[in-house]
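A.B. asks: Give me a model of this one.
(one chain, ligands or ions: 1)
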Amino acid sequence: MEIAGVDVKDLKNEYGTPLYIYDVNHIKNIMSLYKNNFKSEMFETEIEYASKAFNCKEMIRVVKEMGLSLDVVSLGEMYTAIKAGFDPKHIFFHGNNKSLEEINYALDNNIGTVVVDNLDELKVLEEVSKSKNKVVNIVIRMNVGVSAHTHKFIVTAHVDSKFGVLYGSDDYKEMKKIIDNSKNIKFLGFHSHIGSQIFDLSAFNASIDKLFEMAKDFNYPLVMNIGGGYGVHYTNEDSPIPFDIVSKTLIKTAEDAVRRTGIKIKKLAIEPGRSIVGEAGYTLYTIGFTKKTPNKEYYFIDGGMTDNIRPALYQAKYDAEIIGKENEAHNHKVTIAGKCCESGDLIIEDINLPEAKSGDLLITYTTGAYGYSMSSNYNKALTPAVVFVEDGKSRIAIKRMTLDELIEREV
Ligand code: LLP
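C.D. replies: Here you go, the predicted structure:
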């Protein structure tokens, strides 16, 4: 099996396992699909990569090379982006509880736009920007009352979400007063994010409609950011909409809304994370022991919930293959379990695979989003290396953690 022209066995020999592998050709193709199709004659457009899905310096360099903007949600993500040489003008800083340290850092580094989540934050931001004699661009994250999850969406759900401001609420009215009067806050528009791994685009229509309703309060064209959440393929249960179609549909929905309402917008922005890196990522493991219980057969791998928490946390499903045995009969119904001291440390339950022996390599698909970024050192597992493959060559993006690094900060 090859990824971007590199034999997976060679990757194992050079970098060891467990190993996160990213197909950079695939990432760039997806970015191009978005860039080439998320365009309009009526308004400007912007694509921000939501870096919480996977953020490291080498990834940020790919985002920069491809000309996308960047969504960061913490001091750590922002710092990594700055250190990787990303232009701060194209950074969007999110978060529902930004610290003073983070706000100071954002302003001192001239971060392009702050996505303000609540009234308290706006007050602090206005004070800090005044004291620094700076003007800060903001968009306000709205709770548009649309909650989408996978195949379903609900309007008027989620009024108690920890994210965003409810339109028309007392907090909203007070925020409106601040932005109308502040010399240090430049209000650009609204933001909404309604969920993740969404397959039903009509949920986005609903949120676009809501944003247009809000835009009526302003007599100048606004920026509208409709967030991320475009679903990807993990197993054959998922049928994602191709990202060129996603892009075109969202553009058309916004263009229709402009025509229908007569409200002009300055820019439409999206913030995909999972869809950019998810399917480009693989995790390679070595199978150690296998075991049969009265009702189950286990293949044990050298990683687990420490490198992929999603099955344990969200009952997320994955697909896998044993390297070199792709064409053998898949006649063993097995459970892939990690090496953590935790019964829930299962990566895949009940998958049909060929017979495995110790030393075989197992690969799981679509682990590029929220895998490395949600990894942990539970049981003092060492964080695996991340390798990028592109045009038949591999390069290290993040080195494997060493035992010394594991205890480096311990006194
Ligand atoms: N924008 C905002 C404001 C967000 O909160 C998120 C994700 C995104 C963009 C990107 O969404 P995406 O395109 O990646 O779906 N840990 C969970 C996913 C949490 C998503 C949080 N917000 C998981 O592993 O499924």
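A.B. asks: can we go C-alpha only for contacts and neighbour counts from here?
C.D. replies: Noted.
A.B. asks: how distant is stretch 351-368 from the center of its chain?
C.D. replies: 25 Å (Cα atoms, centre = their mean, to the nearest Å).
A.B. asks: what mean pLDDT would you report for that stretch?
C.D. replies: Regarding stretch 351-368, the rounded mean pLDDT is 98.
A.B. asks: Only the buried residues of that stretch, if you could.
C.D. replies: Neighbour counts over stretch 351-368 (16 or more other Cα atoms under 10 Å) mark 351-356, 360-368 as buried.
A.B. asks: what does the chain put close to the ligand?
C.D. replies: Residues of the chain lying near the ligand by Cα under 6 Å from any ligand atom: 50, 53, 193, 196-197, 227-230, 271-275, 310, 370.
A.B. asks: redo that, cut-off 8 Å
C.D. replies: When proximity is defined by Cα under 8 Å from any ligand atom, the chain lies next to the ligand at 49-53, 71, 94, 192-193, 195-198, 227-231, 270-276, 310, 314, 369-371, 374.
A.B. asks: Now do the domain split for the protein, please.
C.D. replies: 24-276, 281-406 (automatic domain parsing).
A.B. asks: Val6 is nearest to which of the ones you listed?
C.D. replies: Val6 sits nearest to domain 281-406 of all those, at 5.1 Å, using Cα to Cα.
A.B. asks: roughly how far out does that closest one sit from the chain middle?
C.D. replies: On Cα atoms, centre = their mean, the centre of domain 281-406 falls 20 Å from that of its chain.
A.B. asks: Straight-line length of it, end to end?
C.D. replies: In terms of Cα to Cα, to the nearest Å, the two terminal residues of domain 281-406 are separated by 25 Å.
A.B. asks: Show me what the longest helix seen in the chain is packed up against.
C.D. replies: Ranked by residue count and defined by DSSP state H, the top helix of the chain is helix 243-261. Secondary-structure packing of helix 243-261 (3 or more Cα pairs under 8 Å, 6 or more residues apart in numbering; DSSP states H and E): helix 24-37, helix 202-215, strand 265-270.
A.B. asks: So Leu125: helix, strand or coil?
C.D. replies: Secondary structure, DSSP: H, G, I helix; E, B strand; the rest coil: Leu125 is helix.
A.B. asks: quick one: it and Tyr105 touch, right?
C.D. replies: No - Leu125 sits out of contact with Tyr105 when judged by Cα atoms under 8 Å, with a separation of 11.8 Å.
A.B. asks: Tell me which stretches of the protein form helices.
C.D. replies: Counting by DSSP H, the helices of the chain are 8-15, 24-37, 57-66, 75-83, 100-108, 119-131, 170-181, 202-215, 243-261, 274-277, 310-314, 403-407.
A.B. asks: Pick the most buried one from these.
C.D. replies: Of all the helices of the chain, helix 274-277 carries the top mean neighbour count, a mean of 28, counting by mean count of other Cα atoms under 10 Å.
A.B. asks: List the contacts of that helix.
C.D. replies: 22, 27, 30-31, 49-50, 53-54, 197, 229-232, 368-370 (Cα atoms under 8 Å, 6 or more residues apart in numbering).
A.B. asks: and if we set it to 7 Å?
C.D. replies: Taking Cα atoms under 7 Å, 6 or more residues apart in numbering as the criterion, the residues outside helix 274-277 that touch it are Ile27, Ile30, Met31, Ala53, Tyr230, Gly231, Val232, Gly368, Ala369.
A.B. asks: average model confidence for it?
C.D. replies: 98.
A.B. asks: Distance-wise, check Glu328 relative to Ala356.
C.D. replies: Glu328 is 11 Å from Ala356, by Cα to Cα.
A.B. asks: Partner strands of the lengthiest strand in the chain, with direction?
C.D. replies: What stands out as the longest strand in the chain, according to DSSP state E, is strand 281-292. Using DSSP bridges, the strands paired with strand 281-292 in its sheet are strand 19-23 (antiparallel), strand 297-301 (antiparallel), strand 361-365 (antiparallel).
A.B. asks: Relative to Ser247, tell me which of these wins on proximity.
C.D. replies: strand 19-23 (22.1 Å).
A.B. asks: Now do that closest one: everything it contacts.
C.D. replies: 3-4, 280-285, 368, 384-390.
A.B. asks: what's the nearest residue to Ile38 if we skip its chain neighbours?
C.D. replies: Actually, residue 38 is Phe rather than Ile. Ser247 (4.7 Å; Cα to Cα, 6 or more residues apart in numbering).
A.B. asks: Spit out the contact partners of the one you found.
C.D. replies: Tyr34, Asn37, Phe38.
A.B. asks: And the pLDDT at the closest residue to Lys28 other than its chain neighbours?
C.D. replies: The shortest distance from Lys28 to any residue other than its chain neighbours is 7.1 Å, reached at Met66 (Cα to Cα, 6+ apart). pLDDT, Met66: 98.
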